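A.B. asks: my questions are about this predicted structure, shown below with the sequence.
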Amino acid sequence: MKKKKKVNAAILIIGNEILSGRTQDKNIAFLSNWLNLNCGITVSEVRIIPDVEKTIIQNIRFLSKEFNYVFTTGGIGPTHDDITAKSIAKAFKVKYGFHNEAYKILETYYGKEKFNDGRKKMAKMPKIAKLIYNPSSAAPGFITKNVLSLPGVPSILNSMIENCKKYLVKGLKVHSKTVNLFTVESNIAKQLEKIQKKYFKFVDIGSYPFFRLGKIGVSVVSRSTSKSKLMLVNKDLMKAIKSKKIKILNI
């Protein structure tokens, strides 16, 4: 597919187990990194919501209008609280039921005798959906308009992610440059503000304090789709660091 200059996405994590703290989410970091490196798509918003139909519908309707793509994780399994597929169908006001291709895939995988009602439920989704094939456990994800629905189990999601590529319009990859400094944020704040104002159209600059290996410092991270602009920012940053006599940490 053709590349657009800027393509963005939102991630919608669906699951009471995430909100309760019982399960720690690992999908946000993986999806954000994969989308940028492989597709040039920037994740601009992340939401975590419960398994509540009304809440899912509201969020799908809003996010699908605001972003190029929405990635949902969780809620497409065989149990009673897996309501993502049905909620997405309602959000877009499309028919919900057995997807013929998904049904055949699952029936073949489990065999007719072991293809129980719970497993059949995983073949129910918006009728207009296209499948995202699953090499790990057969149960497919699906794409409805610009919403890609994936399982919540990280290992299964990871195995399926390459099968999302054919549905995505690629954007420009965001490059980054990190400089670790032996200082505090307040000592470099004015210089960073000045540099950010100079390059605000092309580069985003962030500062992040840290304490590692007994060292207090600040990581200055510059991000841009332009490598040349990053080099200019880094050049100005080095001048500011030198003028302030700040030590650079190699960590």
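C.D. replies: Great, that's in hand. Numbers count the residues shown, from 1 in each chain.

A.B. asks: so which bits of stretch 112-122 are buried?
C.D. replies: Neighbour counts over stretch 112-122 (16 or more other CB atoms under 10 Å) mark 115, 119, 120, 121, 122 as buried. C-beta here means a position set from N, CA and C on the backbone, and glycine is covered the same way.

A.B. asks: stretch 18-28 too?
C.D. replies: Buried residues in stretch 18-28, counted by 16+ other CB under 10 Å: 18, 25, 27, 28.

A.B. asks: from memory the third one sits against residue 152, does it?
C.D. replies: Yes - at 7.1 Å, residue 27 counts as touching residue 152 under the criterion of CB atoms under 8 Å.

A.B. asks: got any residues that touch both of these two?
C.D. replies: The contact sets of residue 27 and residue 152 overlap at 13, 73 (CB atoms under 8 Å, 6 or more residues apart in numbering).

A.B. asks: which residues of the stretch 51-200 of the chain fall in helices?
C.D. replies: Secondary structure of the stretch 51-200 of the chain by DSSP state H, counting those that start in this stretch: the helices cover 53-66, 84-92, 100-110, 117-121, 154-160, 185-199.

A.B. asks: touching the shortest one from outside, list them.
C.D. replies: What it means is helix 117-121. Residues contacting helix 117-121 (CB under 8 Å, 6+ apart): 78, 79, 82, 98, 103, 106, 110, 139.

A.B. asks: nearest residue to the second one other than its sequence neighbours?
C.D. replies: Nearest residue to residue 79 in three dimensions, chain neighbours excluded: residue 118, at 6.9 Å (CB to CB, 6 or more residues apart in numbering).

A.B. asks: and the one you found, how far from residue 136?
C.D. replies: Noted for residue 118: a distance of 18 Å to residue 136, by CB to CB, to the nearest Å.

A.B. asks: do residue 236 as well
C.D. replies: Counting by CB to CB, the separation of residue 236 from residue 136 is 47 Å.

A.B. asks: check residue 74 too.
C.D. replies: Residue 74 is 16 Å from residue 136, by CB to CB.

A.B. asks: between these two, which has more neighbouring residues?
C.D. replies: Counted by other CB atoms under 10 Å, residue 74 and residue 136 do not tie: residue 74 has more neighbours, with 27 against 13.

A.B. asks: quick one, domains of the protein?
C.D. replies: Domains of the chain are assigned by automatic domain parsing as 7-167, 175-248.

A.B. asks: pick the most buried one from the ones you listed.
C.D. replies: domain 7-167 (a mean of 18; mean count of other CB atoms under 10 Å).

A.B. asks: now do that domain, average pLDDT.
C.D. replies: The pLDDT scores in domain 7-167 average 97.

A.B. asks: gap between the two ends of that domain?
C.D. replies: Using CA to CA, to the nearest Å, the end-to-end distance of domain 7-167 comes to 13 Å.

A.B. asks: any idea what the nearest residue to residue 129 once chain neighbours are set aside is bridged to?
C.D. replies: Nearest residue to residue 129, sequence neighbours excluded (CB to CB, 6+ apart): residue 142, at 3.9 Å. Using DSSP bridges, the beta-bridge partners of residue 142 come out as residue 131, residue 149.

A.B. asks: what mean pLDDT does the longest helix along the chain have?
C.D. replies: For the chain, the longest helix by residue count, based on DSSP state H, is helix 227-244. The pLDDT scores in helix 227-244 average 95.

A.B. asks: partners of the following helix or strand past it, with directions?
C.D. replies: Sequence order places strand 247-248 as the next helix or strand after helix 227-244, per DSSP states H and E. Within its sheet, and counting by DSSP bridges, strand 247-248 is paired with strand 175-182 (antiparallel).
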